[in-house]
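Trainee: Give me the fold of what follows.
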Amino acid sequence: MTTMLAARAHKGATELSLERIPVPEPGPEDVVIKVMSAGIAPGMMKLLQRGRFTHLPSIPGHEIAGVVVSAGSQAPAELVGRRVRVHPMLSCGQCVYCRTDRQQLCAETGMIGHAAFGSGKMELYARYHNGGLAEFARAPAWLVDALPDNVNFDVGAKVHDLANAVRAFKCAAIREPGRLVITAATGTMGTASIKLARFYGARQLVLVARSRQRLEALRPLAGNLPVELLALDELGADWADNQGLTRRLREMLPEGADAILDFFPGGPGTVQAVRALALGGTLVHMGGSTAPVAIPIAEIMQKCWRIVGTRACTRSDTEDVLELLRSGRLIVDDLITHHFPLAEVNRAMQVMLDRTEPIWMAVVHPGQG
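Mentor: Model prediction:
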């Protein structure tokens, strides 16, 4: 096969374009993967509109799993035929951030099939900006991870999101007694965090989201951890103005939360959550909110709160996820609620964006009609 179907982003476009283009050839250090599953994320189109996709046209899709079909002259030949996932984070590998498990802060940071984030020359991103929303994808061999035999392609594609949650947990460093609040809990990052909570010090969960009905569906994800639900729709129309979220969290956790994983994409929820922290508690934000956090620094000092911002994951985070999956202690197949053929990629993106139906994780299958 010399051509393939691919979804491509073009400058100024509001949708992806399905096109037939040549199958990529591997460079000396590359592999070419027949894509079996590709994850999608709603932020992709927002970043495209903000100009963060600096090489257009481009094939989006940073979550890739499939089978290696060819390898370059300097890539390990034994990778051909292997079931793999791609770690999409590009970085220089030599700077202080790369040497200290903080690759996402490298000046060369970009993501295969996603946006350019760094301020450097971005040479790797220029070479590897095309991603997995296509029948085949090219990636550097050093960013390919073999999938354990018990991990299917759909889960393999979503390892990145699971590893993002691991990064948030590592930043939170939850201490006893392990009271954890997760906001925007019905989304991709929320559900991933619920699954991982028991491995990272959580002993009690409070899950926050808009709808009680959608929250109720989350209970089985927590395993044997005790769970309480907090629906924003039940706080009253003026909760944003009268500290309704803070008060309710304090009623549920009188001593406060030891940690809060905050995935609110905006609004007053984040600052109200901060004030529900226990003494010495930590809020980790990974929701991309632009809302200001107007809290006197003296209050943060007196209560020894930590407010941590983090984004993306590192290779060690993905290794931790793969080991949990390999061991059978972590099972996440039930998180993948939606499957789409490549021909319906724009509908898939819209479903992710408008969230009119319950959706946790979604994957695209480029080999399906």
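
Trainee: And the helices in the stretch 251-369 of the chain?
Mentor: Taking DSSP state H, counting those that start in this stretch, the helices of the stretch 251-369 of the chain run over residues 269-274, 297-302, 315-327, 345-354.

Trainee: Got the phi and psi for Trp142?
Mentor: Torsion angles at Trp142 (phi, psi; degrees, to the nearest 10) stand at phi -70, psi -10.

Trainee: Looking at the helices of the stretch 251-369 of the chain, spot the one closest to Ser119.
Mentor: The closest of the helices of the stretch 251-369 of the chain to Ser119 is helix 315-327. By C-beta to C-beta, the value is 21.3 Å. Glycine gets a C-beta too; all of them are placed from N, C-alpha and C.

Trainee: List of residues touching that closest one?
Mentor: The contact list for helix 315-327, computed with C-beta atoms under 8 Å, 6 or more residues apart in numbering, reads 87, 89, 101, 103, 145, 147-148, 150-151, 155, 159-160, 162-164, 166-167, 170, 196, 199, 330-332.

Trainee: buried residues in that helix?
Mentor: Arg315, Asp317, Thr318, Asp320, Val321, Leu322, Leu324, Leu325 (16 or more other C-beta atoms under 10 Å).

Trainee: quick one on the thing from earlier: can you redo the helices of the stretch 251-369 of the chain as JSON lines with distance to Tyr125 and mean pLDDT?
Mentor: JSON lines is the format used below for the helices of the stretch 251-369 of the chain (distance: least, C-beta to C-beta, whole Å; pLDDT from 0 to 100):
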{"stretch": "helix 269-274", "distance to Tyr125": "30", "mean pLDDT": "96"}
{"stretch": "helix 297-302", "distance to Tyr125": "36", "mean pLDDT": "97"}
{"stretch": "helix 315-327", "distance to Tyr125": "17", "mean pLDDT": "97"}
{"stretch": "helix 345-354", "distance to Tyr125": "22", "mean pLDDT": "90"}
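
Trainee: can you tell which of those is closest to Ala139?
Mentor: Of all these, helix 315-327 comes closest under C-beta to C-beta, at 13.8 Å.

Trainee: Let me have the helices of the stretch 251-369 of the chain in a markdown table, adding distance to Ala126 as columns.
Mentor: Shown next, in a markdown table, are these (distance: least, C-beta to C-beta, whole Å):
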| stretch | distance to Ala126 |
| --- | --- |
| helix 269-274 | 35 |
| helix 297-302 | 41 |
| helix 315-327 | 21 |
| helix 345-354 | 24 |
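
Trainee: To Phe53, which of those lies closest?
Mentor: With respect to Phe53, and counting by C-beta to C-beta, the nearest of these is helix 345-354 at 14.2 Å.

Trainee: what's that closest one packed up against?
Mentor: Judged by 3 or more C-beta pairs under 8 Å, 6 or more residues apart in numbering; DSSP states H and E, helix 345-354 is in contact with helix 43-49, strand 336-341, strand 361-365.

Trainee: thinking again about what came up before, quick one: which of the buried residues of helix 315-327 is nearest to Asp241?
Mentor: Ranked by distance to Asp241 (C-beta to C-beta), these are led by Asp317 at 37.7 Å.

Trainee: which residue sits closest to that closest one, ignoring its sequence neighbours?
Mentor: Leaving aside its sequence neighbours, Asp317 sits nearest to Ala163 (C-beta to C-beta, 6 or more residues apart in numbering; 3.9 Å).

Trainee: what's the helix or strand for the one you found?
Mentor: Taking DSSP states H and E as the definition, one finds Ala163 inside helix 159-172.

Trainee: just checking, Arg214 is part of a helix?
Mentor: Yes - under DSSP: H, G, I helix; E, B strand; the rest coil, Arg214 falls within a helix.

Trainee: what's the neighbour count on it?
Mentor: Per other C-beta atoms under 10 Å, the neighbour tally for Arg214 reads 20.

Trainee: Then Ala172?
Mentor: The number of residues packed near Ala172 is 24, by other C-beta under 10 Å.

Trainee: check contacts around Gln213.
Mentor: Gln213 neighbours (C-beta under 8 Å, 6+ apart): none.

Trainee: returning to that earlier point: what is the helix holding Ala163 packed up against?
Mentor: Packing partners of helix 159-172 (3+ C-beta pairs under 8 Å, 6+ apart): strand 63-71, helix 188-196, strand 257-262, strand 277-285, helix 315-327.

Trainee: With just CA atoms, put the first helix or strand past the second one going along the chain into CSV.
Mentor: Translated: helix 188-196. Next helix or strand after helix 188-196 toward the C-terminus (DSSP H and E): strand 204-209. These are the backbone C-alpha positions of strand 204-209, laid out as CSV (Å, rounded to 0.1, in the frame of the first residue of the first chain):
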residue,chain,number,x,y,z
GLN,A,204,-11.5,8.4,50.7
LEU,A,205,-12.9,10.1,47.6
VAL,A,206,-15.2,13.1,47.0
LEU,A,207,-16.1,13.4,43.3
VAL,A,208,-17.3,16.7,42.0
ALA,A,209,-19.1,17.4,38.7
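
Trainee: Can we start the residue count at 8 from this point?
Mentor: All right, first residue 8 from here; so that's strand 211-216.

Trainee: Could you give the separation of strand 211-216 from the chain centroid?
Mentor: From the chain centre to the centre of strand 211-216 is a distance of 19 Å (C-alpha atoms, centre = their mean, to the nearest Å).

Trainee: So what's the model's average confidence on it?
Mentor: Mean pLDDT, strand 211-216: 98.

Trainee: Let's check: the centremost residue of the chain is which one?
Mentor: Centroid-nearest residue in the chain: Asp168, 3.1 Å away (criterion: C-alpha atoms, centre = their mean).

Trainee: which ones are touching it?
Mentor: By C-beta under 8 Å, 6+ apart, the contact list for Asp168 reads Gly46, Ala48, Glu70, Thr195, Met196, Ala199, Met368.
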